[in-house]
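Enquirer: generate coordinates for the sequence data below:
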Amino acid sequence: MRRVKPLDLIATAKRLVDERSSRRPRQADLKRAVSTAYHAMFHHRCRTCADCIVGTRAADRCEPAWSQVYRSLDHGHAKRQCAHRRIEAFPKQVEDVANQFRMSRTARHEADCDPHRVFRLSEAIELVESSEQAIRDLRGLPIEDRRAVAVWLILKPR
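Expert: Residues are numbered from 1 along each chain as shown. Modelled structure (predicted):
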């Protein structure tokens, strides 16, 4: 089974905003890059949740359960959780990644849904780079913090 690789999505977004290209990126390229960078972050969170809750090794996990956890992350719920005041109970790095997720989701919504929103090349590049860094930051967290984030993102607080 071929899965979405978040850093492949980042590479695609970078190609869309490549300053060294022979032509200046069109507004459609900039908007697609912003949207793709957000989806890279989102898919990374889906994978993190599934890996932390079900397991990382395909031989040792139930694939239907892994897929169910992967697909259970909801865009709106994840955004609300990242904005929740209790996010401050996590390490600072988790809070920073949560803030980046919220900002990236807002930019993605503007890119995909607002016909009047115009992105500057520098702004799109910054959003792509910060999304990539947020993926790397989440990857770098200790497993116990990643597990806590996975539960936080998927389950409703009670």
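
Enquirer: mind listing the strands for this protein?
Expert: In the chain, no strands are defined using DSSP state E.

Enquirer: run through it and note the low-pLDDT ranges.
Expert: The chain contains residues with pLDDT under 70 at 1-2.

Enquirer: would you map the helices across the chain?
Expert: Applying DSSP state H to the chain gives helices spanning 6-16, 27-53, 63-72, 75-83, 92-113, 121-139, 143-154.

Enquirer: mind putting those in a markdown table, mean neighbour count included?
Expert: For every residue, glycine as well, the C-beta is placed using N, CA and C. Shown next, in a markdown table, are those (neighbours: other Cβ atoms under 10 Å):
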| stretch | mean neighbour count |
| --- | --- |
| helix 6-16 | 19 |
| helix 27-53 | 22 |
| helix 63-72 | 15 |
| helix 75-83 | 16 |
| helix 92-113 | 18 |
| helix 121-139 | 19 |
| helix 143-154 | 17 |
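
Enquirer: contacting residues around stretch 50-61?
Expert: By Cβ atoms under 8 Å, 6 or more residues apart in numbering, the residues outside stretch 50-61 that reach it are 62, 65-67, 69-70, 143, 146-147, 149-151, 154.

Enquirer: spit out the contact partners of residue 84.
Expert: Residue 84 sits next to residue 157 when contact means Cβ under 8 Å, 6+ apart.

Enquirer: just give the closest residue to residue 34, not the sequence neighbours.
Expert: Among residues not flanking residue 34 along the chain, residue 111 sits closest, at 4.1 Å (Cβ to Cβ, 6 or more residues apart in numbering).

Enquirer: what's near enough to touch that neighbour?
Expert: Residue 111 sits next to 30, 31, 32, 34, 35, 117, 119 when contact means Cβ under 8 Å, 6+ apart.

Enquirer: try 6 Å this time
Expert: Counting by Cβ atoms under 6 Å, 6 or more residues apart in numbering, residue 111 touches 31, 34, 35.

Enquirer: I figured residue 87 hits residue 99, correct?
Expert: No - at 8.6 Å, residue 87 does not count as touching residue 99 under the criterion of Cβ atoms under 6 Å.

Enquirer: among the contacts of residue 111, pick out the one closest to residue 123, please.
Expert: Nearest to residue 123 among the contacts of residue 111: residue 34, at 8.2 Å, using Cβ to Cβ.

Enquirer: that closest one and residue 137, how far apart?
Expert: Distance of residue 34 to residue 137, computed by Cβ to Cβ, to the nearest Å: 19 Å.
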